[in-house]
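*Asks:* Here's a sequence, model it:
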Amino acid sequence: MAKRIELNRIKAVLQEQGRTQTWLANKLGLAFTTVNGWCNNRKQPYLTDLIRAAEVLEVAPVDLIIDGSKKEKGPSKTQAFQNFA
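*Replies:* As a prediction, the model looks like this:
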């Protein structure tokens, strides 16, 4: 079986904040299975959903994306929250 490539950090951010996938699904008005697919990198959110998730989690959208060009996973130390509203 091929190794799944992680493209987003939604699950990690939820864990860092002590929140659940169910909580995020309810806040976004989406099915749990949709958010679970994102968290397990089986599916990726549309850009609009990624931005909404970032707003709910109070992080920058870029903090939810894994930059494959970096050796460390996750957001860089220089990334800061910006208001995208």
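
*Asks:* Could you check the longest helix anywhere in the chain and say which residues are buried?
*Replies:* For the chain, the helix with the greatest residue count under DSSP state H is helix 47-57. Residues of helix 47-57 classed as buried: Leu50, Ile51, Arg52, Ala53, Ala54, Glu55, Leu57 (neighbour count, 16 or more other Cβ atoms under 10 Å). Just so you know, the C-beta spots here come from the backbone N, C-alpha and C atoms, and that holds for glycine as well.

*Asks:* residues near the closest residue to the fifth one other than its chain neighbours, how many?
*Replies:* Excluding the flanking residues, the one nearest Ala54 by Cβ to Cβ, 6 or more residues apart in numbering is Pro61, at 4.2 Å. The burial metric for Pro61, expressed as a neighbour count using other Cβ atoms under 10 Å, is 17.

*Asks:* Was I right to think Pro61 contacts Thr48?
*Replies:* No. In this structure Pro61 lies outside contact range of Thr48 using Cβ atoms under 8 Å: 10.3 Å.

*Asks:* just how off-centre is the longest helix of the chain within its chain?
*Replies:* Distance of helix 47-57 from the chain centroid (Cα atoms, centre = their mean, to the nearest Å) equals 8 Å.

*Asks:* For it, give the mean pLDDT please.
*Replies:* For helix 47-57, mean pLDDT is 97.

*Asks:* Contacts for it next, please.
*Replies:* 8, 10, 13-14, 17, 19, 24, 27-28, 30, 38, 45, 60-61, 63-65, 84-85 (Cβ atoms under 8 Å, 6 or more residues apart in numbering).

*Asks:* Give me the buried entries from the residues you listed.
*Replies:* For these, a burial check counting by 16+ other Cβ under 10 Å picks out 8, 10, 13-14, 24, 28, 30, 38, 45, 60-61, 63-65.
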